[in-house]
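# below is the structure, and that's it, no one-letter string:
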C-alpha cells in the first residue's frame, strides 16, 4: 500500500512540474497575460479541470513549489543546540545545495515574473505571510514553544524577509551570483542583528 501511495505522489509531483514547465515556456514565448489556462493545459496534455486540481489560479503557477516541506524537515533535522539563523542557513544549503542548474533557472524565471506581473506580486504577499506560519512551526518546535509565540513569529518574519530580499536582489538586473549564496549572505546578515 505504501509503495502505491509513493508512486501516486511521485506521479503528482511530475505532473505538477510538467504543468509549471509548459506554463513558464508559454509565458516566456507569448507573455503572462496572453497565455490562457487552456493553452497551458493543452501543452501539458491535461484537461483544464486537472490544471485546477494542481494550481487554484494562474498566479499559483509562479508561487507554488515543493520546497517548504523539505525546508521544514531539514530545519528539524539540524542539531537542537545550533543557533536559529545557523540552523536555517544549514537547512537552505541542505535543500538547495544540490539543486540542478535548470531548476535554479526556473526559479529565476518565476521570480522575475512575480516581480513584473501585478496579480502575481499580490499573490506573493499572501505566500510570504503563509511562509511565516510555515517557518514558525519548526522554529517553535526547536525552541520548545508554540508557533504562535510572538518571538518565534518575529524570528520567522525576519528570516523570510531576509530570504525574500536576497532572492529579489538576485533576480533584479541579472542579479549577482548564485541564488544559494545570495540567500545565505542575506541570512548571515541577521546574525549581526542578534549580537
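Looks like it came in fine. Bear in mind that the values here come from a model prediction, so they are computed numbers and not experimental data.

# top helix in the chain by residue count?
Using DSSP state H, we find that the single longest helix of the chain is helix 2-30.

# just checking the distance from it to the centre of its chain.
Distance of helix 2-30 from the chain centroid (C-alpha atoms, centre = their mean, to the nearest Å) equals 15 Å.

# in it, what's buried?
In terms of neighbour count (16 or more other C-beta atoms under 10 Å), helix 2-30 has its buried residues at 15, 16, 17, 19, 20, 22, 23, 24, 26, 27. All C-beta spots, glycine's among them, are computed from the backbone N, C-alpha and C.

# can you check stretch 34-46 too?
Buried, per 16+ other C-beta under 10 Å, within stretch 34-46: 35, 40, 41, 43, 44, 46.

# ok, residues contacting it?
With contact meaning C-beta atoms under 8 Å, 6 or more residues apart in numbering, stretch 34-46 is reached by 15, 18-19, 22-23, 25-27, 47-48, 50-52, 58, 61.

# residue 68 reaches residue 133, doesn't it?
No - proximity of residue 68 to residue 133 does not meet the contact threshold set by C-beta atoms under 8 Å, at 10.2 Å.

# common neighbours of these two, please.
By C-beta under 8 Å, 6+ apart, no residue touches both residue 68 and residue 133.

# can you name every helix or strand that the longest helix of the chain contacts?
Counting by 3 or more C-beta pairs under 8 Å, 6 or more residues apart in numbering; DSSP states H and E, the packing neighbours recorded for helix 2-30 are helix 37-44, helix 48-54, helix 58-63, helix 101-116.

# just checking, what packs against the last one?
I take that to be helix 101-116. When contacts are defined as 3+ C-beta pairs under 8 Å, 6+ apart, helix 101-116 packs onto helix 2-30, helix 58-63, helix 118-143, helix 150-171, helix 179-194.

# try the second one
Under the contact definition 3+ C-beta pairs under 8 Å, 6+ apart, helix 48-54 sits against helix 2-30, helix 37-44.

# would you format the ones you listed as JSON lines with mean pLDDT and distance to residue 113 included?
Converted to JSON lines, those look like this (pLDDT from 0 to 100; distance: least, C-beta to C-beta, whole Å):
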{"stretch": "helix 2-30", "mean pLDDT": "88", "distance to residue 113": "6"}
{"stretch": "helix 37-44", "mean pLDDT": "97", "distance to residue 113": "14"}
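
# export these to CSV and tack on distance to residue 189?
Below are the helices and strands packed on helix 48-54 laid out as CSV (distance: least, C-beta to C-beta, whole Å):
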stretch, distance to residue 189
helix 2-30, 30
helix 37-44, 38
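
# ok so, going back, now, which of the contacts of stretch 34-46 sits nearest residue 112?
Residue 112 has its nearest neighbour among the contacts of stretch 34-46 in residue 27, at 10.0 Å by C-beta to C-beta.
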